[in-house]
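Participant: okay, predicted coordinates and the sequence, questions at the end:
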Amino acid sequence: MVGRYGASWPPRQGPRSRCPETGPTPLCRCAGSVQGAFQSAATVPERRLTMTTRIVLGWDGSTASRAALRWATGRVAGGVNRLVIVHAVPADDRAPALSAAAVSVTASITADAAVPGVDLDVEVHRGGPVAVLLGAVDADCILVVGHDVVPSARGSRPSIAARLVDAAPCTVVAVPADAPSGHGVVVGVDVRSGSAAALHFAGHEARRAGTALRAVTVWSRPGGRFDAGARREVLQTLEEHVEEALRDLPDLDIHRELVEGPVARRLADAADGAALLVVGAGTRRRRTGPVVEQVLRASRTAVAVVR
């Protein structure tokens, strides 16, 4: 039996992979099920092989990608049962063969990803990491990547995580290398747009984790002066957006907060100690704005940028 994302192999003890080279573009895919050890893809129920919701993890063996793997396996074990690990091999003569890279990746992730009930696929593609990961996802995926938080510098190139957030058709979760385990979910709400997608994603993540949701709006005083009426109006708008987006989660514990200051810094501060910070990516008619990139740089918490 051949699954959607890879070739099957006979069951045996411990990890094993078959890595056929296919098509004009070199591609190697290894599929399996992680239940303490990799098992035959033939043992995976057809229901799981045809699920449309997948978590795709970008893997490069770094500390940040290992942190992303821990986040992803926890998320998969808590609901979605499918995890696809994607590794990019440079397209040059010095790069390892795809089959060798697949064996190396499989060996690296086996111990960390040994979560009962999680189906795991490994894909190895030749090319740059951004292009490879964009080719591996669609709008129904959640793309998870490690993110090395570095200070902003004039003229510096955006990080791989920021470039993926900007270009991916799906929600992207960027996990810092030193991300704490944390507790609770925080969502940034833009009262102008409503942030409906971000609120909906954050609400369901909070329900899945059994935690409260904090909906935070960052507000600037009109003219720099305190205006009680304006503040009440913003709070009322925040309340309306929360009620509309989360009407399907009537029992969820939700805290609404209004804070002042620089948007990215205040959202990062609000998420300190949380398990996840959720922000909206904006519309597809424009690229992700600078606030999202600033949030990625400022946050020590995993950040989900929702489409």
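Facilitator: The structure has been received and is ready for your questions. Predicted model only: the values in this text are computed from it and were never measured. Numbering: from 1, shown residues only.
Participant: so which helix or strand takes in residue 88?
Facilitator: Using DSSP states H and E, residue 88 sits within strand 82-89.
Participant: against which helices or strands is that strand packed?
Facilitator: strand 55-59, helix 63-77, helix 98-110, strand 118-126, helix 129-136 (3 or more C-beta pairs under 8 Å, 6 or more residues apart in numbering; DSSP states H and E). All C-beta atoms are positioned from the backbone trio N, CA, C, and that covers glycine.
Participant: please name whichever of the ones you listed is nearest to residue 303.
Facilitator: Smallest distance to residue 303 across these (C-beta to C-beta): 10.9 Å, for helix 63-77.
Participant: show me what that closest one is packed up against.
Facilitator: Checked by 3+ C-beta pairs under 8 Å, 6+ apart, helix 63-77 has strand 55-59, strand 82-89, strand 118-126, strand 142-147, strand 171-176 packed alongside it.
Participant: mean confidence for the strand holding residue 88?
Facilitator: On average, the pLDDT along strand 82-89 is 92.
Participant: about what we covered before: identify whichever of the helices and strands packed on helix 63-77 lies nearest to residue 227.
Facilitator: Residue 227 lies closest, by C-beta to C-beta, to one member of the helices and strands packed on helix 63-77: strand 171-176, at 35.4 Å.
Participant: neighbouring strands for that closest one, and are they parallel or not?
Facilitator: Looking at strand 171-176 with DSSP bridges, its partner strands are strand 142-147 (parallel), strand 303-306 (antiparallel).
Participant: can I get the ones you listed in JSON lines with mean neighbour count, distance to residue 292 and mean pLDDT?
Facilitator: Formatted as JSON lines, the strands paired with strand 171-176 follow (neighbours: other C-beta atoms under 10 Å; distance: least, C-beta to C-beta, whole Å; pLDDT from 0 to 100):
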{"stretch": "strand 142-147", "mean neighbour count": "26", "distance to residue 292": "12", "mean pLDDT": "96"}
{"stretch": "strand 303-306", "mean neighbour count": "26", "distance to residue 292": "6", "mean pLDDT": "97"}
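Participant: now those in JSON lines, with distance to residue 297?
Facilitator: As requested, those are arranged in JSON lines below (distance: least, C-beta to C-beta, whole Å):
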{"stretch": "strand 142-147", "distance to residue 297": "9"}
{"stretch": "strand 303-306", "distance to residue 297": "10"}
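Participant: and residue 134, which of the helices and strands packed on helix 63-77 is closest to it?
Facilitator: Closest of the helices and strands packed on helix 63-77 to residue 134 is strand 142-147, at 8.8 Å (criterion: C-beta to C-beta).
Participant: need the contact partners of the closest one.
Facilitator: Contacts with strand 142-147, where a contact means C-beta atoms under 8 Å, 6 or more residues apart in numbering, come from 53-58, 60, 62-68, 71-72, 75, 80, 133, 137, 159-161, 164, 168, 170-177, 296, 303-304.
Participant: buried subset of those?
Facilitator: 54-58, 64-68, 71-72, 75, 80, 133, 137, 159-161, 164, 168, 170-177, 296, 303-304 (16 or more other C-beta atoms under 10 Å).
Participant: in this structure, which spans are helices?
Facilitator: For the chain, applying DSSP state H gives helices covering 46-49, 63-77, 98-110, 129-136, 160-167, 196-209, 228-245, 263-270, 290-298.
Participant: and of these, who's closest to residue 188?
Facilitator: Evaluated over the helices of the chain, closeness to residue 188 peaks at helix 263-270, with 4.7 Å, by C-beta to C-beta.
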